[in-house]
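Chemist: I would like the atomic coordinates for the input below:
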Amino acid sequence: MSGAKNWHGRKLLDALAVTEGCRTIAELAEETGLEAKQVSTTCRILKRRQMVVQHKPGCYRLTAIGQVARQAAAEPARSGPQRRLTGRRKPNAKTTFRDRLWRFLRLNPKATISRLVRLAGEGRPKQEAANAYAYLRVLKRAGVIVEMRQRAEANSPTSNGEKRWLIVTDLGPRAPVWRPAKRELFDPNSGRNITMPAVAHD
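Modeler: This is a model prediction of the structure:
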């Protein structure tokens with residue numbers, strides 16, 4: 001989800017997770033301390049991302065996608081080997097699209113690109129889908145994920161269904177970093193580099 005300072009999605013997802021029914025704008029505002037306008041605006045964004053559903057006018061309920069997003073955001077960072085120049089991000093560094101994509105891929109081990117973009121994206125589906133596909137190709141070449149034989153169910157008569165991807169080597173909570181200049185994938189969890197054969201257009 002967005003790292004912007006005015007993003008209140010996490011508070012609302014937490015508030016919605018404590019009940020099985022729907023919560024009104026007023027209830028969410030009172031529980032989170034946000035203004036009603038902030039709650040309403042953020043709920044519309046969460047609805048577009050399929051993280052909440054409007055059960056009835058002005059009353060929202062958490063979806064399965066929202067629950068996954070909430071769990072991913074709450075996942076604690078694990079300590080790793082302490083060594084110099086490991087390439088780790090500083091604790092306060094803003095997460096990237098690929099950071100979020102990796103996190104959701106671990107929680108959705110047979111996910112499609114469209115699902116990963118819905119969960120990890122920030123409103124640029126075409127660019128983010130291309131970014132996701134390029135990253136998944138790298139992970140596949142590294143032996144971290146595989147492309148599954150069985151595709152997701154088709155959503156149109158002319159579609160064969162989307163490809164699904166499965167993690168076979170879970171490197172840990174931190175996203176692997178592709179370094180095209182060095183033709184290697186850096187794993188910040190272990191501090192090691194995975195060298196791969198050169199191919200065009202990564």
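
Chemist: mind listing what's buried along the least confident helix or strand in the chain by mean pLDDT?
Modeler: Lowest on mean pLDDT, DSSP states H and E among the helices and strands of the chain sits helix 64-74, with a mean of 72. For helix 64-74, burial by neighbour count (16 or more other CB atoms under 10 Å) applies to 65, 66, 68, 69, 70, 72. Placement of C-beta: from N, CA and C, glycine included.

Chemist: touching that helix from outside, list them.
Modeler: By CB atoms under 8 Å, 6 or more residues apart in numbering, the residues outside helix 64-74 that reach it are 1, 9-10, 13-14, 16-17, 46, 49-52, 62, 100, 103-104, 107-108, 118-119.

Chemist: if we go to 7 Å?
Modeler: Helix 64-74 is contacted from outside by 1, 10, 13-14, 17, 46, 50-52, 103-104, 107-108, 118-119, using CB atoms under 7 Å, 6 or more residues apart in numbering.

Chemist: buried subset of these?
Modeler: 1, 13, 46, 51, 52, 103, 104, 108, 118, 119.

Chemist: for those residues, which two are the farthest from each other?
Modeler: Greatest spatial distance in the buried ones among the contacts of helix 64-74: 52 and 103, 19.6 Å, computed using CB to CB.

Chemist: what residues go with each domain of the chain?
Modeler: For the chain, automatic domain parsing gives the domain ranges 9-67, 91-195.

Chemist: burial of residue 187, as a residue count?
Modeler: Neighbour count for residue 187, taken as other CB atoms under 10 Å: 22.

Chemist: contacting residues for it?
Modeler: Residues near residue 187 by CB under 7 Å, 6+ apart: 171, 176, 194.

Chemist: any chance of JSON lines for those residues, columns neighbour count?
Modeler: Converted to JSON lines, the contacts of residue 187 look like this (neighbours: other CB atoms under 10 Å):
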{"residue": "171", "neighbour count": "20"}
{"residue": "176", "neighbour count": "21"}
{"residue": "194", "neighbour count": "20"}
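
Chemist: ok, so of these, who is nearest residue 41?
Modeler: Once CB to CB is applied, the member of these that ends up nearest residue 41 is residue 176, at 34.5 Å.

Chemist: which ones are touching that closest one?
Modeler: So, once contact is read as CB under 7 Å, 6+ apart, residue 176 ends up touching 102, 139, 144, 185, 186, 187.

Chemist: so what pLDDT did it get?
Modeler: With respect to pLDDT, residue 176 has a value of 94.
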